[in-house]
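one predicted model, sequence on top.
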Amino acid sequence: MKKLLIFGAMLLMVLILIIVWQLKPSDDIAPPISSQSISVKEPVKEIVPSQYERPRTVRYRFTLKNTGNRLLKQAEFWAYAPVKQTATQKVMRIKASHAHDILTDRLGNQVLHFVLTNMPPYASKVVSVTTELMLAKEVNPIQENNQQWFLGEEPFIEISHPKIQAVAKRLKTKEHLRTSRKIFNWVARHIQYAGYIRENRGALYALSEKRGDCTEYMYLFTALARVNEIPARGIGGYIYSDDALLKSEDYHNWAEFYLDGKWQLADPQNKVFMDRQSNYIAMRIISEQSNLAGSHRFWYLGEGLSVIMN
């Protein structure tokens, strides 16, 4: 009897141990994980070289003078800054010696607007501008949907004139690149540089007179390209290979044509075609699509005010 009781007690203890063991959480079941305990390895991001690799700083200044013998209560002055972004240039920062607003248009042109007050008789003020740029070694693709702006007739681009039509048709080939090169070579050979001409004469004048300055070379190339359905436009600016102080006498005009998603350079006066484009600093895209004034470099308003670019 005693042995039976001992056996029963032992059996009861085994049953209790089995029940307790079944109620214990299993080590195979993971506890809930908080979001803080998750370690996610970030994917390695590929570092893509900048498309604008060459830093360039350009400076320019203007002297504004009250030439009258009375107080000039207000003078307004506008000057182009480099084009905000092109296939080979990007403006990073603009600094000026005087307070100003920046006016822009849909082409990317930028104009600095200064308002100066209370200039004493015969007094002068110097307005200086410093622009930091990044220029590109290779032409960047710029996908644009406004190529039709640069196919039509504009002032000084007389694409409907029979003389321009005739020359353009003689230069046409089945490939736009080859046609553009033929136009470039023809203009470079047939137009004689006549030195600086103050007034714009345009493509028809260049073709008829076989002479002109950089502006006439630019307009004639642009007109012949447009007749052949190649988008083309005029550019105004400067050519420098290093940091520079821009000089008025260095102002230059050249052309660009649109090919395979890129604006390419054509400078027939200097005989440069699709080369050394990072030396060209665009200050203005010349087009009637711009709502900014048509002056080449600057303009001003104020009785007795005179302005020169130093």
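It's in.

my read: residue 51 touches residue 139, true?
No: contact criterion Cβ atoms under 8 Å: residue 51 and residue 139 do not qualify, at 9.6 Å. C-betas here are computed from N, CA, C, even on glycine.

okay, the two: which has more neighbours?
Higher neighbour count among residue 51 and residue 139: residue 139, with 20 against 15, using other Cβ atoms under 10 Å.

where does pLDDT dip in the stretch 51-200 of the chain?
The stretch 51-200 of the chain contains no residues with pLDDT under 70.

helices of this structure, start to end?
2-23, 162-171, 176-190, 203-209, 214-227 (DSSP state H).

and the shortest one, what's buried?
Taking 16 or more other Cβ atoms under 10 Å as the basis for neighbour counts, the residues of helix 203-209 that come out buried are 203, 204, 205, 206, 207.

how about residues contacting that helix?
When contacts are defined by Cβ atoms under 8 Å, 6 or more residues apart in numbering, helix 203-209 is touched by residues 156-159, 161, 163-164, 167, 187, 191, 201, 212, 216-217, 219-220, 222-224.

picking up where we left off before, of the buried residues of helix 203-209, just say which sits nearest to residue 238.
In terms of Cβ to Cβ, no member of the buried residues of helix 203-209 lies closer to residue 238 than residue 206, at 22.0 Å.

domain parsing for this structure?
For the chain, automatic domain parsing gives the domain ranges 54-136+298-309, 147-286.

would you reformat those as CSV and include distance to residue 292?
Listed next are those as CSV, based on distance: least, Cβ to Cβ, whole Å:
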stretch, distance to residue 292
domain 54-136+298-309, 5
domain 147-286, 8
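
which residues are in contact with the residue nearest the centre of the chain?
Against the mean C-alpha coordinate of the chain, by Cα atoms, centre = their mean, the closest residue is residue 85 at 1.3 Å. By Cβ under 8 Å, 6+ apart, residue 85 lies in contact with 91, 108.

quick check: it vs residue 92, distance?
10 Å (Cβ to Cβ, to the nearest Å).

what's the answer for residue 289, then?
Taking Cβ to Cβ, one finds residue 289 at 25 Å from residue 92.

look up phi and psi at the nearest residue to residue 147 once chain neighbours are set aside.
Among residues not flanking residue 147 along the chain, residue 231 sits closest, at 4.2 Å (Cβ to Cβ, 6 or more residues apart in numbering). When read as degrees, to the nearest 10, the backbone of residue 231 gives phi -60, psi 130.

mind pulling up the pLDDT for residue 231?
On pLDDT, residue 231 comes in at 97.

distance of it relative to residue 134?
To residue 134, residue 231 is 25 Å away according to Cβ to Cβ.

and if you look at residue 259?
For residue 259, the distance to residue 134 equals 23 Å [Cβ to Cβ].

which residues touch residue 92?
Counted by Cβ under 8 Å, 6+ apart, residue 92 has contacts 132, 133, 134.

actually residue 156, sorry about that
Residue 156 makes contacts with 200, 201, 202, 203, 219, as judged by Cβ under 8 Å, 6+ apart.

now it: how far from residue 298?
In this view, residue 156 and residue 298 are 20 Å apart by Cβ to Cβ.

likewise for residue 165?
From residue 165 to residue 298 the distance is 36 Å (Cβ to Cβ).

verify the stated contact: residue 89 with residue 132.
No: taking contacts as Cβ under 8 Å, residue 89 lies outside contact range of residue 132: 11.3 Å.
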